[in-house]
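# what shape does this take:
(chains A and B)
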Amino acid sequence: MKKTGIIISLGVMLLLMAGVSISLYSSLNQPKIAYIQTDKVYNEFAYKKELEVKYEEVLGYRKRILDSLEIQINAISVNIQNSEHKRDENVQTYQYLVMQYQEKEKTFEEDNQKMLQNYTEQIWSQLNKYIEEYGNAEKIDFIYGANGSGSVMHANKSFDLTDKMISYVNERYQGGASK
Amino acid sequence: MMKTKYYIIFFFGSMMLFSCTQKELSVKDYLAWVNNPENGLKVSKEIKDYKIELFYKPAEYIAINEQKTTEIDTTLFYQRIKEIKDFQYYTLKIESLKGTEMMRTNIASEHEYSQRLQYFSDLVQYDLSLEENNDTLTCQLFHFERNYGVAPYNNIVLGFPKPTQESTKTLVFNDQILGIGKIKLKIEKENIDNIPNIILN
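Sure, this is the predicted structure:
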């Protein structure tokens, strides 16, 4: 009777140990997962804010050039309509200015587009690198980007690394040491 | 009991004294210490296909290296220190992570190569500054070392005016040609404070 009891308790212990080992093994092998709100990280990235200001400045400067050309065109147009004095000369100047305006408008549009594309590339190349560094240092296997486009439909808030990531990427951008 | 108390005070006192004393190293060990990235005088970032590394070179390091021997002529050493002490010196190393010549990484034509060469030989100076003590210092000494493709990196030697008081230094490289944008590299004040003294012959 006593022997059977010992065998049963030994069996139970073995089963318990096996259970603990299996759960430990599976937890060790489970990938570490986290997610960040991509838009928030992007918008809070200091370099993005800097480039945005720079972009707006250039845009404003270009707009002022176009505006002053437009004022000149309007003034000459009024002159042509109201006076016969130097009409032909004014028409020629008007045509020249309109051509200049169209040319500049087109060039500026192209340049703005190119500049925006360059800036976006520069921002993402730095962001991606810092996110990768963070993931490696924290031994995270997957960092998902939740941006509302459906790539992550639901996630437990405890896996949300957004705020930590924002401080890390900004610290790194300012030249702080990597993790 | 009283004796134990004295021992404890003595132990902590000597520990504090020890931690405040700056290390002293032989010339060989000093060079190795300064060159070791773990000591924080070499910091780097990898962005896209490039590694940008900043190396803060103390005046003593430069004076030793110029003699090209570990048997230092102290007169020459101190004389040189006196000559260069008003500036702070750095080497900015730009390396291609593709293992190819940095000047030709990601370029499509010879024209782009010429543009890059012109940028690094001349114009990059205006895209480099040093932020220190809430001040932005412009680059005063600048030399781009051409190596004609024998290594996947190029060095740019930089000099900025030296402030009266050491503080954390941030080099800003506002790249206009590699497509990596603005890069900031920081040398912490504590790492500069930790630079060991040299035991000269």
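# which SSE is immediately downstream of the helix or strand bottoming out on mean pLDDT in chain B?
Lowest by mean pLDDT, DSSP states H and E among the helices and strands of chain B is helix B:2-20, with a mean of 57. Next along the chain after helix B:2-20, taking DSSP states H and E as the criterion, comes strand B:24-26.
# quick check: which element contains residue A:177?
Using DSSP H and E, residue A:177 maps to neither a helix nor a strand.
# domain-wise, how is chain A divided?
A:1-30, A:31-173 (automatic domain parsing).
# quick check: residue A:126 touching residue A:50?
No. Under the criterion of C-beta atoms under 8 Å, residue A:126 makes no contact with residue A:50, lying 11.4 Å away. All C-beta spots, glycine's among them, are computed from the backbone N, C-alpha and C.
# of those two, who's got more company?
residue A:126 (23 against 15; other C-beta atoms under 10 Å in any protein chain shown).
# can you give me the helices for chain A?
Taking DSSP state H as the test, the helices found in chain A are A:2-29, A:38-44, A:46-82, A:87-137, A:162-173.
# with chain B instead?
Under DSSP H, chain B gives helices at B:2-20, B:27-35, B:59-67, B:74-84, B:110-121, B:189-193.
# relative to chain A, which of those helices is closest?
Nearest to chain A, of all the helices of chain B, is helix B:189-193, at 9.9 Å by C-beta to the nearest C-beta.
# could you list the low-confidence segments of chain A?
A:1-2, A:23-24, A:26-28, A:148, A:150 (pLDDT under 70).
# show me what from it comes close to chain B.
A:47, A:50-51, A:118-119, A:121-123, A:125-126, A:129, A:172-177 (C-beta under 8 Å from any C-beta of the partner chain).
# select only the buried ones of the residues you listed in ChimeraX?
This is the ChimeraX syntax for the buried subset of these, where burial follows 16 or more other C-beta atoms under 10 Å in any protein chain shown:
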select /A:47,51,119,122,123,125,126,129,172,173,175,176
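# around chain A, which positions in chain B sit nearby?
So far as C-beta under 8 Å from any C-beta goes, chain B lies against chain A at B:40, B:43, B:45-48, B:170-171, B:179-182, B:184-186, B:188.
# what is the nearest of the residues you listed to residue A:15?
Compare each of the residues of chain B next to chain A with residue A:15 using C-beta to C-beta and the shortest gap goes to residue B:46, at 50.5 Å.
# pretty sure the closest one contacts residue B:96?
No. With contact defined as C-beta under 8 Å, residue B:46 does not reach residue B:96; the gap is 11.0 Å.
# ramachandran angles for residue A:153?
Note on residue A:153: backbone dihedrals following degrees, to the nearest 10 are phi -80, psi -30.
# and residue B:180, how far from residue A:98?
Counting by C-beta to C-beta, to the nearest Å, the gap from residue B:180 to residue A:98 is 41 Å.
# higher neighbour count, those two?
Neighbours were counted for residue B:180 and for residue A:98 using other C-beta under 10 Å; residue B:180 has more, 21 against 15.
# contact partners for that one?
A:122, A:125-126, B:47-48, B:50, B:52 (C-beta atoms under 8 Å, 6 or more residues apart in numbering or on different chains).
# same list (these) but as JSON lines, adding distance to residue B:195.
Listed next are the contacts of residue B:180 as JSON lines, based on distance: C-beta to C-beta, whole Å:
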{"residue": "A:122", "distance to residue B:195": "34"}
{"residue": "A:125", "distance to residue B:195": "33"}
{"residue": "A:126", "distance to residue B:195": "30"}
{"residue": "B:47", "distance to residue B:195": "28"}
{"residue": "B:48", "distance to residue B:195": "32"}
{"residue": "B:50", "distance to residue B:195": "28"}
{"residue": "B:52", "distance to residue B:195": "23"}
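# quick check, nearest of those residues to residue A:156?
Scanning the contacts of residue B:180 for proximity to residue A:156, where the rule is C-beta to C-beta, the winner is residue A:126, at 28.8 Å.
# gap between the residue most central in space within chain B and residue B:136?
Central residue of chain B (C-alpha atoms, centre = their mean): residue B:56, 1.6 Å from the mean position. With distances taken as C-beta to C-beta, residue B:56 is found 17 Å from residue B:136.
# what does residue A:63 give?
In terms of C-beta to C-beta, residue A:63 sits 29 Å off from residue B:136.
# ok, now residue A:65?
Distance from residue A:65 to residue B:136, by C-beta to C-beta: 29 Å.
# try residue A:21
The value you get for residue A:21 to residue B:136, if C-beta to C-beta is used, is 60 Å.
# before we move on, what about residue A:112?
For residue A:112, the distance to residue B:136 - C-beta to C-beta - is 28 Å.
# over to residue B:70?
Where residue B:136 is concerned, residue B:70 sits at a distance of 38 Å (C-beta to C-beta).
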